[in-house]
Structure formats: structure tokens, C-alpha cells
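[1] pasting a predicted model and its sequence here:
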Amino acid sequence: MKPLVVKIGGSILGKNDTTFEDLVTLQKWNMPVVVVHGGARVVNDWLMRLNIPTSFINGLRKTDMETLRVVAAVLAGLVNKELVATICCLGGKVVGLSGVDGIMIEAKNKTPELGYTGEELKVDGTLLKILLQSGYIPVIAPISLGPLKNSDSNIKLLNVNGDTVAGEVAAALDADKVIFLTDVHGLYDGSKKLISKLSMDEAKNMITSGVAVGGMVAKIEACLAALAKVPVTRIIDGRVSHALLNEMEDKGEGTTIAR
Ligand SMILES: Nc1ncnc2c1ncn2[C@@H]1O[C@H](COP(=O)(O)OP(=O)(O)OP(=O)(O)O)[C@@H](O)[C@H]1O
Ligand SMILES: [Mg+2]
């Protein structure tokens, strides 16, 4: 059975507990599910507590070494472990890990202005497949390895966008579908009206026309990358009660980007 990949936006963490219940229900139905999480707001909160200023370029965080340390500690530590513990408490069989574990994700830091931010991800799905075959829900924090084969580089960790990870993991696993749970109803047009379905070209236009900005840019790009292998991508409102189960019954609202 092909897996489902679910990106839980940091924007909705702590706001909707039914997502975790839904994940456990899907596991009881023997559906293989991989979870990728974000956590930009929790990271912002910790950066603020530590008096470290932060900024974004096209939805990607500028990451200096101090910021990288906080990002890794907060995402692969606090946020990941809280999610895993929550799903465990609901009776789920779950493993928390980051893109670093099992050499799952390698990335390049292509844009010098972004510092230790990883782009052009290379995903090895071997460990994820083993975990899925053993009945676990893998929960992935968006931290990757730097370029392993570049001997000049001492960059070991990179901060990667959670949406990018979800899209590339979905492609690497030949997933059935990738679902982005976020804090809006889906993708809005220029008049803030929800768009229910877009082609890949229409989705690209949303970025070039400037209608999609900030965090939505990475989400659309992740959908486009996933669509090389995955038939359907969805951007839906994770604040809605049982948003994931509604999706399984094709009852959900939101945006579909398909080939
Ligand atoms: N055209 C658009 N339609 C809908 N939302 C948009 C659009 N353009 C920009 N956005 C913004 O994208 C945001 C969602 O991305 P954001 O990165 O903030 O959340 P997330 O990915 O769910 O969380 P995290 O990045 O922590 O994982 C929305 O809250 C909205 O403000
Ligand atoms: Mg985001």
C-alpha cells in the first residue's frame, strides 16, 4: 500500500488535537502514514527568548550558526518529542526522527544570504520504508545533513523548510497523496477566495503573480515537486475538526493541486 504523507504546519500545532487522534485512527486502519512537522512559531518564540533576531526571504528563514542551533534544538528536540509523546499517549505506534537520522535527507546551502538553510533536497526513503513496514508512524523534524561529499565544507546540519521535506519525502516514497495541514482554508486567489482545484501551471502562476507569498510559496513549490511522482497534493485547513479523516472520505474542503 502506498503511504500518505502529512505535513503538520507549525501554524496549527497545539490548536487542534483531532489531527493526532486521526493519525492513530489511520494507523488502526493499517494505513501507512509519514508525518512531517513545521514549527516556525515555536522557533520564533525561542529565538525571541534568547534575543536572537530573525528574518525570512520568500518564506525561508535566514539561518546563522546561532539560529541553526536553536532551530535544531527546538524542532528536532522539543517540537518533535512533544508530537511523538502526544501520539503515543493516544495509543499510536510512533517514532520521532529528523532528516539527519539514517542519512535520510541531504541538502545544499545554495543561497548564501540564507546561511545554514538547506535547499535541493536528496531523500533516501530506506529507513522510512523499514519503519512503515514495521507499523510505525515516522514523525520527521525538518533538519537535514549538509553536503556530505563536499570535503571543503564543515556544515553538518541545515535548516530545511518542512513543506519542502514533505514534498520530497512524498516523491521518494511514491506516496499516494501528500496533505499540507495549515492555518488557512487552502490557497486563496487575489480576492481571498478559496481555490478548490489548480493545474500545475496555474499553481506556478500563483507564485509568479505574487498572489501566493510567504509560507505559501514553499507549500506550492513542494506540491509541484511532489507531483513528479505523487498523483494528488492537497492544502487544507488543519484547524478543522477531523480534517484528516474528512480527507479520507473525500469530504474535505481545501485546495487540490494535481497533474
Ligand atoms: N494566496 C495565499 N493563500 C493562502 N495563504 C497564503 C497565501 N499567500 C500567503 N499565505 C500565507 O501562508 C500561510 C501558511 O504558511 P505558514 O508557513 O505560515 O504556515 P505553515 O507552513 O502551516 O506552518 P510552519 O511553516 O510552521 O510549518 C498562511 O497563514 C497565509 O498567511
Ligand atoms: Mg510554513
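    Structure received. Numbers count the residues shown, from 1 in each chain. Ligands and ions are numbered 1, 2, ... in the order given.
[2] tally of neighbours for Arg69?
    Neighbourhood size, Arg69 [other CB atoms under 10 Å]: 15. All C-beta atoms are positioned from the backbone trio N, CA, C, and that covers glycine.
[3] check contacts around it.
    Listed by CB atoms under 8 Å, 6 or more residues apart in numbering, the contact set of Arg69 is empty.
[4] quick check: Val43 is in a strand.
    No - looking at Val43 with DSSP: H, G, I helix; E, B strand; the rest coil, it is helix, so not inside a strand.
[5] just give the number of residues close to the residue nearest to it when sequence neighbours are not counted.
    Once flanking residues are discounted, Val43 sits nearest to Val74: 5.0 Å by CB to CB, 6 or more residues apart in numbering. Residues near Val74, counting by other CB under 10 Å, number 21.
[6] and what of Ile57?
    Each residue near Ile57 was counted by other CB under 10 Å, and the total is 11.
[7] hmm, Pro112 and it touching each other?
    No - under the criterion of CB atoms under 8 Å, Ile57 makes no contact with Pro112, lying 11.2 Å away.
[8] any idea how far Pro138 lies from ligand 1?
    Computed as CB to the nearest ligand atom, to the nearest Å, the Pro138 to ligand 1 distance reads 17 Å.
[9] kindly report the same for Gly215.
    To ligand 1, Gly215 is 2 Å away according to CB to the nearest ligand atom.
[10] again, but for Cys223
    If you go by CB to the nearest ligand atom, the gap between Cys223 and ligand 1 works out to 12 Å.
[11] retrieve the pLDDT associated with that residue.
    The score at Cys223 is 98. That number is its pLDDT.
[12] could you do Asp237 as well?
    94.
[13] same thing with Arg259?
    Arg259 is assigned 88 on the pLDDT scale.
[14] how many residues are close by it?
    With other CB under 10 Å as criterion, Arg259 counts 10.
[15] who touches the residue nearest to it when sequence neighbours are not counted in this structure?
    What sits nearest to Arg259 in space, not counting adjacent residues and going by CB to CB, 6+ apart, is Leu227, at 5.6 Å. By CB under 8 Å, 6+ apart, the contact set of Leu227 is Met200, Thr233, Ile257, Ala258, Arg259.
[16] run a quick neighbour tally on His242.
    Per other CB under 10 Å, the neighbour tally for His242 reads 17.
[17] could you say which helix or strand holds Lys2?
    For Lys2, there is no enclosing helix or strand under DSSP states H and E.
[18] would you map the helices across the chain?
    Taking DSSP state H to define them, one finds helices in the chain at 18-28, 40-49, 65-72, 80-89, 126-133, 162-172, 200-208, 215-226, 243-248.
[19] who in this structure is up against ligand 1?
    Neighbours of ligand 1 within the chain, by CB under 6 Å from any ligand atom: 9-11, 38-41, 162-163, 182-184, 187-188, 211-216.
[20] listing request: residues of the stretch 151-259 of the chain with sub-threshold pLDDT.
    Along the stretch 151-259 of the chain, segments meeting pLDDT under 70 span 151-154.
[21] 80 instead?
    Applying pLDDT under 80 to the stretch 151-259 of the chain flags the ranges 151-155.
[22] might you report the residue contacts of Gly9?
    For Gly9, the contacting residues are Gly38, Gly162, Phe180, Leu181, Thr182, Asp183, Gly215, Gly238, by CB under 8 Å, 6+ apart.
[23] who wins for neighbours among the residues you listed?
    The most crowded member of the contacts of Gly9 is Phe180, carrying 33 neighbours; neighbours defined as other CB under 10 Å.
[24] test my guess that that one contacts Lys7.
    Yes - with contact defined as CB under 8 Å, Phe180 counts as touching Lys7 (4.7 Å).
[25] among the residues of the chain next to ligand 1, name the ones in strands.
    Taking DSSP state E, the ones among the residues of the chain next to ligand 1 that sit in strands are Thr182.
[26] filter the residues of the chain next to ligand 1 down to the buried ones.
    Taking 16 or more other CB atoms under 10 Å as the criterion, what is buried in the residues of the chain next to ligand 1 is 9-11, 38-41, 162-163, 182-184, 187-188, 211-212, 215-216.
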